[in-house]
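Asker: sequence and predicted model, in that order:
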Amino acid sequence: MRVLLATTDPIRLSFLMALLRDAGCEPLMLDGHISAIEGGIGIFPRRLAVPPEQEAQARRVLAEAGETDGLR
């Protein structure tokens with residue numbers, strides 16, 4: 001898996017995952033279960049990743065949508 005970005009914003013993460021799914025990518029949220037440890041206060045970032053063969057397409061989709069803040 002290739003990590004594209006990390007964010008503490010669950011709404012943005014949900015939007016980006018939907019955007020990538022609509023484009024035919026298979027995004028995966030890493031660290032999603034950390035909220036059980038942090039108590040749901042949102043201080044630990046969740047990472048957005050895609051399979052290596054979809055990385056270029058995913059980056060293109062995010063760039064076209066203007067979602068380049070925090071891209072690695």
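Answerer: Great, that's in hand. Numbers count the residues shown, from 1 in each chain.

Asker: show me where this protein has strands.
Answerer: For the chain, strands defined by DSSP state E occupy the ranges 2-7, 28-30, 46-50.

Asker: determine which stretch of those is the most buried.
Answerer: strand 46-50 (a mean of 21; mean count of other Cβ atoms under 10 Å). Yep, even glycine has a C-beta here, placed from its N, CA and C like the rest.

Asker: re earlier: of the strands of the chain, which is nearest residue 37?
Answerer: strand 46-50 (12.7 Å; Cβ to Cβ).

Asker: other residues contacting that closest one?
Answerer: 1-8, 10, 13, 16-17, 20, 25-32, 34, 58 (Cβ atoms under 8 Å, 6 or more residues apart in numbering).

Asker: among the strands of the chain, which is nearest residue 71?
Answerer: It's strand 2-7; of the strands of the chain, that one is closest to residue 71 (Cβ to Cβ) at 5.3 Å.

Asker: distance from that closest one to the middle of the chain?
Answerer: Put simply, strand 2-7 sits 5 Å off its chain's centre (Cα atoms, centre = their mean, to the nearest Å).

Asker: just give the number of residues close to residue 8.
Answerer: By other Cβ atoms under 10 Å, 12 other residues sit near residue 8.

Asker: quick check: it vs residue 26, distance?
Answerer: 23 Å (Cβ to Cβ, to the nearest Å).

Asker: residue 57 too?
Answerer: 11 Å.

Asker: bridging across strands, which residues link to residue 7?
Answerer: residue 46 (DSSP bridges).
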